[in-house]
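Next one to model:
(one chain, ligands or ions: 2)
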Amino acid sequence: MKKLLLGNAAVARGAYEAGVNVVASYPGTPSTEITEEIVKYDEIYAEWSPNEKVAAEVAIGASIGGARAMSCMKHVGLNVMADPVFTVSYTGVNGGLVLCVADDPGMHSSQNEQDSRHYAKASKITMLEPADSSECKEFTKLAFKLSEEMDTPVFIRLSTRVSHSQSMVELSERENIDIKPYEKNIGKYVMMPGNAIKRHVVVEERINKLKEYAEKSDLNVVEDNNSKIGVISAGIAYMYSKEVLGDKADYLKLGMVYPLPENKIKEFCKNHDKVFVIEELDPFIEDYCKSLGLTVYGKDMLTLLGEYTPSMIKKAVLGEEQPEVLQASEPIPVRPPVMCAGCPHRGAFYVLKKLGLTVSGDIGCYTLGATVPLQSVDTTICMGASVSAAHGMAKARGKEFNKKLVSVIGDSTFMHSGITGLVDIVYNKGNNTVIILDNSITGMTGHQDNPTTGYTIRGEETKQVNLIALCKAVGIDNIRVCDPFDVKEFEKVVKEETEREEPSVIISQRPCALLKTVKYTGHCKINDNCKNCKMCMKLGCPAITVKDDKVVIDQSQCNGCGLCVNVCPFGAIKKEDN
Ligand code: SF4
Ligand code: SF4
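Ligands and ions are numbered 1, 2, ... in the order given. Next up is the predicted model:
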């Protein structure tokens with residue numbers, strides 16, 4: 001049976017058909033849907049782990065235990081996962097182990113656009129790169145087989161356009177794969193130096209075997225159109241190339257991007273007058289070709305930045321212009337990203353801005369606190385960095401600076417990697433104020449549960465991490481819980497805690513406005529008391545706008561959260577029930 005599937009859903013289907021038993025991941029766009037699709041299969045144990053390192057370790061444990069296992073993440077998650085990944089390259093696997101990483105060229109939803117292929121090379125783990133949903137499924141199935149045959153973890157690399165586009169996939173039944181027997185093998189699984197030295201030899205031998213495999217495998221295929229122009233490409237860049245160049249070029253389509261097939265590439269270059277390497281982000285394949293002494297064209301014609309389009313490729317290879325397919329007849333106004341109407345974070349940022357504080361920010365919906373008009377966030381580096389970076393800032397700039405400094409971090413991000421920063425503050429005698437923006441969900445990636453929500457990935461009730469008890473346990477004595485929509489009280493609490501010469505945590509508690517359990521009613525309306533002072537505009541609520549130089553509330557956007565009622569100094573906004 002054929003079915004139209006999203007690339008991510010096809011990876012999940014491939015894992016299901018391959019008989020995967022355990023999947024552990026942390027959500028991150030563009031990879032999130034893989035694990036959300038996995039949950040639909042009852043045969044598979046699935047979990048959201050607190051971060052990618054834990055997720056990888058769960059999958060590695062399952063693999064050593066003899067089961068087929070997978071872990072999925074976005075590219076920056078691979079940084080977090082890197083520690084166990086480099087060592088599991090040495091131990092190898094028992095049950096097949098697949099690590100699926102989705103890159104985000106163009107940074108649609110990321111803080112950088114790093115190229116994950118470098119990790120494959122650095123960790124000496126083979127990497128496959130599908131170009132459409134059908135390949136997503138087939139490559140995932142093959143990855144489990146290859147993992148067991150070669151005793152290696154296998155990376156699947158996706159990119160936003162492959163993850164989030166749809167194409168037809170032929171579905172098959174799930175394979176009956178028995179859990180392999182577990183045998184104690186200290187030399188293989190205990191990576192102390194004496195054993196690791198021996199395993200490094202195995203890793204190098206394995207890479208040589210994989211190089212031979214890359215030469216013979218159907219993953220790397222030549223498409224001959226009798227052209228003198230050659231294109232070496234992989235993934236979505238290959239699809240774009242085919243779309244615009246058609247049979248005007250021959251192709252070496254690489255399904256395995258590490259290790260690369262040296263002889264196949266040399267042979268392909270020998271048979272063509274001019275060879276282009278077309279790959280988004282870094283010149284990974286291009287540099288390899290040049291290291292073999294081959295003349296190829298790539299980044300000298302195409303950018304290192306962002307996503308490619310078919311027209312860019314046509315221009316670079318044929319010198320021909322092609323109109324972009326998606327072109328609006330009218331210029332589209334730039335719409336800055338904005339927190340939803342009723343977002344619980346809006347009240348917190350309004351207060352932080354009003355107090356003129358330096359805000360060490362983090363990754364989540366609340367990163368939008370950096371946009372106008374709130375413009376409250378000073379830094380955003382990576383998951384968890386808000387807490388530890390503020391500690392560093394305070395140590396560098398001293399006590400007085402610290403009184404005007406706070407960290408803000410979401411509940412899920414705090415569980416991911418904020419907690420270790422808080423331990424550091426306590427241990428190293430910092431006195432920072434950390435605000436945990438607890439919106440009772442993982443907001444930005446689309447409402448995934450986390451250890452603080454009390455529900456598992458399947459929606460089953462579970463133990464809920466108590467943030468107060470947790471902060472107490474690491475040594476924080478001053479913990480305040482506060483509603484960010486009660487702006488007066490919130491302001492008072494922030495002032496008191498930043499003044500305090502001890503570390504403190506403020507739990508800013510109000511659920512995400514988009515949760516089904518949040519039922520705001522009615523709308524807010526501005527009455528004749530309005531002095532047009534525009535104070536309420538400072539909230540950046542998408543429902544509050546200016547019409548004919550008067551502030552108005554767009555009733556179609558207002559969800560009745562009532563934050564603006566608390567902000568207006570003249571009592572000019574009233575909530576009206578439906
Ligand atoms: S999804 Fe929830 S937390 Fe995120 S901006 Fe919207 S209301 Fe705020
Ligand atoms: S804060 Fe109140 S008085 Fe000022 S513009 Fe808004 S509604 Fe009018």
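
CA only for contacts and neighbour counts going forward, please
Noted.

Which residue does the stretch 151-300 of the chain have closest to ligand 1?
Across the stretch 151-300 of the chain, the shortest distance to ligand 1 (CA to the nearest ligand atom) belongs to residue 164, at 20.1 Å.

do the stretch 101-250 of the chain as well
residue 109 (13.3 Å).

any idea whether that residue is helix, strand or coil?
Per DSSP: H, G, I helix; E, B strand; the rest coil, the secondary structure class of residue 109 is coil.

contacting residues for it?
Counting by CA atoms under 8 Å, 6 or more residues apart in numbering, residue 109 touches 29, 30.

and what of the one 4 residues further on?
When contacts are counted by CA under 8 Å, 6+ apart, residue 113 is found next to 75, 103, 104, 105, 106, 107, 281, 306.

My read is that the third one contacts residue 111, right?
I take that to be residue 104. No. Taking contacts as CA atoms under 8 Å, residue 104 lies outside contact range of residue 111: 9.6 Å.

which bits of the protein sit near ligand 1?
Residues of the chain lying near ligand 1 by CA under 6 Å from any ligand atom: 339, 340, 342, 343, 344, 365, 443, 444, 512, 513, 514.

Need the buried ones from these selected in ChimeraX.
In ChimeraX, this line selects whichever of these come out buried by 16 or more other CA atoms under 10 Å:
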select :339,340,342,343,344,365,443,444,512,513
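
In helices only, show me the residues of the chain next to ligand 1.
Under the assignment DSSP state H, those contribute nothing to helices.

Same list (the residues of the chain next to ligand 1) but as TSV, adding distance to residue 245.
Listed next are these as TSV, based on distance: CA to CA, whole Å:
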residue	distance to residue 245
339	42
340	43
342	49
343	47
344	50
365	40
443	41
444	38
512	47
513	47
514	45
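
Residue 36: how many residues sit nearby?
Residue 36 is flanked by 21 other residues according to other CA atoms under 10 Å.

The residue located most distally from the centre of the chain and residue 550: what is the separation?
Distance from the centre of the chain peaks at residue 528, with 47.0 Å (CA atoms, centre = their mean). Counting by CA to CA, to the nearest Å, the gap from residue 528 to residue 550 is 11 Å.

What of residue 318?
Taking CA to CA, one finds residue 318 at 55 Å from residue 550.

What of residue 518?
30 Å.

of residue 104 and residue 111, who's got more company?
Per other CA under 10 Å, whichever of residue 104 and residue 111 has more neighbours is residue 104, with 29 against 13.

quick one: pLDDT of that one?
At residue 104, the model reports a pLDDT of 93.

Ok, residue 519 next?
Reading off the model, residue 519 has pLDDT 89.

Specify the helix with the largest residue count in the chain.
Max-length helix for the chain by DSSP H is helix 193-216.

from the middle of its chain, how far away would that one be?
With CA atoms, centre = their mean, to the nearest Å as the basis, helix 193-216 stands 30 Å off its chain's centre.

And stretch 36-51, end to end?
Where stretch 36-51 begins and where it ends lie 16 Å apart, using CA to CA.

who's in contact with it?
Here stretch 36-51 has contacts from 8-9, 12-13, 16, 20-27, 35, 55, 77, 80, 412, 415-417, 449-451, 456-458, using CA under 8 Å, 6+ apart.

Please work out the average pLDDT along it.
Stretch 36-51 comes out at a mean pLDDT of 97.

which residues in the stretch 351-500 of the chain form helices?
Applying DSSP state H, counting those that start in this stretch to the stretch 351-500 of the chain gives helices spanning 385-397, 399-402, 411-413, 419-427, 467-474, 487-499.

Export the ones you listed as JSON lines, with columns for mean neighbour count and mean pLDDT.
Shown next, in JSON lines, are the helices of the stretch 351-500 of the chain (neighbours: other CA atoms under 10 Å; pLDDT from 0 to 100):
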{"stretch": "helix 385-397", "mean neighbour count": "21", "mean pLDDT": "95"}
{"stretch": "helix 399-402", "mean neighbour count": "16", "mean pLDDT": "95"}
{"stretch": "helix 411-413", "mean neighbour count": "27", "mean pLDDT": "96"}
{"stretch": "helix 419-427", "mean neighbour count": "19", "mean pLDDT": "97"}
{"stretch": "helix 467-474", "mean neighbour count": "15", "mean pLDDT": "98"}
{"stretch": "helix 487-499", "mean neighbour count": "18", "mean pLDDT": "98"}
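
Output those helices in JSON lines, with distance to residue 232 appended to each entry.
Converted to JSON lines, the helices of the stretch 351-500 of the chain look like this (distance: least, CA to CA, whole Å):
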{"stretch": "helix 385-397", "distance to residue 232": "39"}
{"stretch": "helix 399-402", "distance to residue 232": "54"}
{"stretch": "helix 411-413", "distance to residue 232": "40"}
{"stretch": "helix 419-427", "distance to residue 232": "44"}
{"stretch": "helix 467-474", "distance to residue 232": "52"}
{"stretch": "helix 487-499", "distance to residue 232": "57"}
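
quick one: which of the ones you listed is nearest ligand 2?
Closest approach to ligand 2 among the helices of the stretch 351-500 of the chain is made by helix 487-499 (13.6 Å; CA to the nearest ligand atom).

Report all helices and strands that that closest one contacts.
helix 345-354, strand 478-482, strand 504-509 (3 or more CA pairs under 8 Å, 6 or more residues apart in numbering; DSSP states H and E).

Give me the residue ranges of the protein where confidence is low.
For the chain, the stretches with pLDDT under 70 are 324-328, 332-336, 578.

need the residues of it near ligand 2, please.
526, 530-536, 551, 568-570, 572-573.

now, which of those lie within strands?
By the criterion of DSSP state E, membership of the residues of the chain next to ligand 2 in strands covers 526, 551, 573.

Filter those residues down to just the buried residues.
Those of those that meet the buried threshold are 526, 551, 573, by 16+ other CA under 10 Å.

Please determine how far residue 291 is located from ligand 2.
Distance of residue 291 to ligand 2, computed by CA to the nearest ligand atom, to the nearest Å: 64 Å.

and that residue, how far is that from residue 273?
Noted for residue 291: a distance of 19 Å to residue 273, by CA to CA.

Please state the offset of the helix or strand harbouring residue 83 from the chain centre?
Following DSSP states H and E, one finds residue 83 within helix 75-91. Relative to the chain's own centre, helix 75-91 is displaced by 15 Å; criterion: CA atoms, centre = their mean.

just the CA coordinates of it, formatted as CSV?
Taking Å, rounded to 0.1, in the frame of the first residue of the first chain, the C-alpha atoms of helix 75-91 are listed here in CSV:
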residue,chain,number,x,y,z
HIS,A,75,21.1,19.7,14.9
VAL,A,76,21.8,21.7,18.1
GLY,A,77,20.6,18.7,20.1
LEU,A,78,23.4,16.7,18.6
ASN,A,79,25.8,19.0,20.4
VAL,A,80,24.2,18.0,23.7
MET,A,81,24.3,14.3,22.7
ALA,A,82,27.9,14.5,21.5
ASP,A,83,29.5,13.1,24.6
PRO,A,84,27.9,9.6,24.6
VAL,A,85,27.9,9.5,20.8
PHE,A,86,31.6,9.7,20.4
THR,A,87,32.1,6.8,22.8
VAL,A,88,29.3,4.6,21.4
SER,A,89,31.2,4.8,18.2
TYR,A,90,33.9,2.8,20.1
THR,A,91,31.6,0.3,21.9
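
Good, we can wrap up now.
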